[in-house]
Every structure is written in C-alpha cells, then in structure tokens.
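1. this one's sequence-less:
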RNA sequence: GCUCCGGUGGUGUAGUCCGGCCAAUCAUAUUGCCCUCUCGAGGCGAUGACCUGGGUUCGAAUCCCAGCCGGAGCACCA
C-alpha cells in the first residue's frame, strides 16, 4: 500500500486517528525550541538589518527564524533598519527595498517597518532623560586615552560633570558643533565592572559624513547600536530578541539604560555564526560587493555568489531556505549549513510539479552527433514520470541525435535513448535494435538522454561552477522565464531568459 | 591581559535543567539492494557521535573539578 493509499484507508476507518497523526507530524516538523516566557499572541520580535547591501544567505537565518516564531506563536515582527552609521557601515539606498524583497521571498511580511535614521529625535529625547537621571555624560577624551583609563578601571575627568554642562554639550553635539572624534556621550555604568566591555560605553558620537537618506542627511550626532537598539526594542514592544554571539554583551550594556528608565529587558537568545559549504566566495557583504565591483561576479544574483538573490534566481524556493535555517536550531556555537540540506528541501518542494526535459551538455568532449537508422520517427517521453496524465513530449528523430560524449558507448555497443529505444553504435551512426526495455535491466544497457540533432534549442546553463552551454529538446522553447524544468540526468533548472539567448540557471541535482 | 559563551556521527539536531527507560533521536550526507525508460522520486538496509582525564554514584551524554579545543566581546561598526 502506498502512503496515499494508507492515508485514505485510515481516513475511512478512523478519521480521528488520521488527524492525530497529522497534528503530530506538524509538531515534529518544527525544529525550533520554545521561546522562553512566550505567550501565544503576545510575542513580538524584530529583525534589525543594517541596510549596507543586499542579503547573503546567512542573513536569511534571522528572517527565517523570526518569521517562523511569529507563525508559531501567532505573534508579530518588525523590520527595523539599524542604519545609524553613515560612514563605516554606510547604508546602500537600494538595500532597504532589496532586504524587504528578500524577506517576502522567504515567505514573511513584517508587521511594521522602521528606519532608525527616522527616529533620531526619539533617541535624543531619551538621551536627555538619561542625562537627567545622571546616567550619561559628555566626554572629550580620545578613544585611546579613555581606553587606557577604562582598562585600569579609572574614571575620566568628565565623568563628574554637572548635569547642566552635560546638557549643554549634548545640545551642541546635536547641533553639530563638534567634529567627528571631538565629543561623545557616554552611558555611565560601572567603571570598575569586572568585564571591561561594559564600562562606560559610548551612546552617541559625531559623524561628519552625511547620511545617504535625504531625510536624515542633516544629522551629525548619531547613536551607537547599543543605545539605539536598546531604546527601540523597548519602545516598539519587542518581547524577544534573537541576536548573534558577537552581541553577547549588548544586553548587559543596555541593561544599565533599562535600569535608569526602570524598563524590563526583553528575553534574549544568542546564536552562533553560520557558515556555508559549497561556496568559494566568502559570505561577507563587503567582500561580495568588492568582487562585483571588480567584475569577478556578475552581480548579487550571480549563481556563484552566496546570496539570497542568487538562490532565488536559481529557482530555490524561499521555503526551502527557511526550513534549512530553522533546522539549524538556536545553538550558541557556530554552525555549518550544508547547502545539500537546502537542496533536499527544495527538491521535495518542486519535484512533483516540475516538468522533465532533455538537455545535452556541450562539455569537455562536446556533444556527439549521430544519425539514426531504423526506429520510430518520433520518440515519446512522459512530461512527468510519476504523472502520466500530464501527457508526453514528442521528440522528432529524423535528423539524427546528439548525446553527451560521456554517454556514447564504444563502437559496437548499445545504449538506450530514453523514450526512443535501444540503438547500437556503429562506425558513424546509431542503428535501432529494438524497443524491448528488458535489455536495460538484463543486459546492462545504459539509459541516456539525448536531443534531436536538427531541431533543438541552444541554451546556456549557469551554475555555481560556471556556465555550461548545450542543447535542449525543442519543447523547451515553450517555457518562459521563471518556469522550472528538470533536465533529466542533469538537474533541476529555472528558465531565466528566452530573448536573444536562452538562459537557464541550475538549481541543484 | 581581562570578561563571557560553547564542545553529541561528515553536517545539523534530540536528549543535558529534574542521572537509570540512551549500546543515544530525527534529518541530511555517503553507501548497498529493490523499483523506475533520469544520476530525480519511491521502498528497504548499512555506515557513522556523547572533547579528555579525574571525582560523586549501584548507575553519568546528563552532576562536580581540572585540562584541552573552539567561538565571542573589551570600537566614537552593526
């Protein structure tokens, strides 16, 4: 009995048991651990990308996990662009939209979209309150000087300024009266804290370079991540934060601000970094960006680039990425994501609905042309082997065929041209020897794919390992951009372009 | 140097809080056979892991200590 048949049978006998099984399966399907202190309907999370470029695959993890938790808890999530550094992590104006697109591609939609660069006044207001509470001071120490004092556990002379002076100097910061490096606003924590990373950290600093967004171009006094993010998380009602281990100390830093304001800190979960196999290109926004600039990569969607846009163009479903990412769990140690896991998920998603076709690669030995003697004038192959009702592909053979050189049998030997029949390789052609499939089982005749030598369509296949050109069966001309096909014995592809040149992107085997 | 984390098969993960039901789960990977006119799908099987050493205990992947290994922070980056 097949799986389907068993289900149908069970449905007749004990429908309630079938429901139970489905419920269990759904539960088992979910790899993510429970969120601490989470209540159904009350969970609010955020993804907080820096829009300094389109996303690489690693970025997808945050959206995948946050989006999945949202669904799991019937909660909500915010996409907040933490674009508070116009200089070293300069925002890319296109990236805001590209990131939102990436989230949508993964199958999620933020309940709210915010840009930190729109919210400077809010941060200033809170800084003023913090100053009133004695929790911050302006400091003109150089970075090196302060670092030295800090490491020795000693306060700098500015720490005891009176509130009034601090307010004045902070106002001057906001008004842009200092240049970069001249003045910062520090959050007063514990200068002797045993962890040097937590001692009196910088909340605001001056940046001379204008922000690329017109709306924010006039600001010169910018909050640091720990201040901005800490304030925003509270103000936007975030209940659960997920972030990388590189931000392990952030919660502890921000806790000082939360204490001054008597706020309750959200639950925090840290996770390790993700590394991905199968790519020669490092997963780093700046590196990919450089490679594109140098012409090493064609763009963010180059199949060799470990980016979201690349996977999308190759025809990977966002859902497959989400599944692979949630399967990684929430461990604090670094993890390696095997692309094969993404591919396995994707294959499961698309195999059933994807039409089959032949594609002969013009590789190393090249495609080999052979004329045919005997046999039917057209071959007939199912569009999908598991669904005969979808019909067949009729492929003409009168002009001979093309096979991959690897598939060409030695002279005198036979090979089975799929959908056509068995042929023997003579000096210069294939002689039809029959259509009894038993030879493939009993006499070890290989079954191979082929295309007509005359009527075929040239196609360039772009793969993570470079481009491959070749010839597809004529029916492939009936497919347009975004259609998926499985080139039998080659792999799944997504048709990308059909105008001047026919191009497909290789998905996976 | 100071301060935090973490170490289960090739990869990811369950189990660790509350020790026994764990000669350790599931997925992926690799692989064998069956089926199939694909190297896809499907079916059945195989491979392969508790970092090390002590301790506590009748019993430790699980608790304690030490070591080793790995990661992270100590930025006027995010």
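-> Received the coordinates, thanks. A quick note: this is a predicted structure, and the numbers were derived from the prediction, not measured.
2. how about stretch A:385-396: buried residues?
-> Neighbour counts over stretch A:385-396 (16 or more other CB atoms under 10 Å) mark A:393, A:395, A:396 as buried. Yep, even glycine has a C-beta here, placed from its N, CA and C like the rest.
3. same question, stretch A:414-427
-> In stretch A:414-427, counting by 16+ other CB under 10 Å, buried: A:414, A:415, A:416, A:417, A:418, A:419, A:420, A:421, A:422, A:423, A:424, A:425.
4. reformat those as a markdown table; add pLDDT and secondary structure.
-> Formatted as a markdown table, the buried residues of stretch A:414-427 follow (pLDDT from 0 to 100; DSSP: H, G, I helix; E, B strand; the rest coil):
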| residue | pLDDT | secondary structure |
| --- | --- | --- |
| A:414 | 93 | strand |
| A:415 | 94 | strand |
| A:416 | 95 | strand |
| A:417 | 95 | strand |
| A:418 | 95 | coil |
| A:419 | 94 | coil |
| A:420 | 94 | coil |
| A:421 | 94 | strand |
| A:422 | 94 | strand |
| A:423 | 95 | strand |
| A:424 | 95 | strand |
| A:425 | 94 | strand |
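5. can you put those in a markdown table and add distance to RNA strand B?
-> Below are the buried residues of stretch A:414-427 laid out as a markdown table (distance: CB to the nearest atom of the strand, whole Å):
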| residue | distance to RNA strand B |
| --- | --- |
| A:414 | 13 |
| A:415 | 11 |
| A:416 | 6 |
| A:417 | 7 |
| A:418 | 4 |
| A:419 | 5 |
| A:420 | 7 |
| A:421 | 6 |
| A:422 | 9 |
| A:423 | 12 |
| A:424 | 16 |
| A:425 | 16 |
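6. quick check: phi and psi at residue A:162.
-> Per-residue torsions, residue A:162: phi -80, psi 160 (degrees, to the nearest 10).
7. quick check: pLDDT value at it.
-> Residue A:162 carries a pLDDT score of 94 in this model.
8. counting neighbours, what do you get for it?
-> Using other CB atoms under 10 Å, residue A:162 is surrounded by 9 other residues.
9. what's the distance between the nearest residue to residue A:86 once chain neighbours are set aside and residue A:116?
-> Spatially, and ignoring its direct neighbours in sequence, residue A:86 is nearest to residue A:211 (4.1 Å; CB to CB, 6 or more residues apart in numbering). When distance is defined by CB to CB, to the nearest Å, residue A:211 is 10 Å away from residue A:116.
10. list residues touching both of the two?
-> Common contact partners of residue A:211 and residue A:116 (CB atoms under 8 Å, 6 or more residues apart in numbering): residue A:83.
11. the two - which one has more neighbours?
-> Each of residue A:211 and residue A:116 has its neighbours counted (other CB under 10 Å); residue A:116 has more, 26 against 22.
12. I figured the residue nearest to residue A:86 hits residue A:221, correct?
-> No: using CB atoms under 8 Å, residue A:211 is not in contact with residue A:221; the gap is 11.5 Å.
13. which ones are touching residue A:387?
-> Neighbours of residue A:387 in contact, by CB under 8 Å, 6+ apart: residue A:352.
14. how about the one 3 residues further on?
-> If a contact means CB under 8 Å, 6+ apart, then residue A:390 has A:355, A:382, A:383, A:384 as its contacts.
15. how close does the closest residue to the last one other than its chain neighbours sit to RNA strand B?
-> Distance criterion CB to CB, 6+ apart; nearest residue to residue A:384, sequence neighbours excluded, is residue A:390 at 5.1 Å. With the distance defined as CB to the nearest atom of the strand, to the nearest Å, residue A:390 ends up 12 Å from RNA strand B.
16. try residue A:433
-> For residue A:433 relative to RNA strand B (CB to the nearest atom of the strand), the value is 13 Å.
17. and that residue, helix, strand or coil?
-> Counting by DSSP: H, G, I helix; E, B strand; the rest coil, the backbone at residue A:433 sits in strand.
18. which residues are in contact with it?
-> Going by CB under 8 Å, 6+ apart, the list of residues near residue A:433 reads A:414, A:421, A:422, A:423, A:424.
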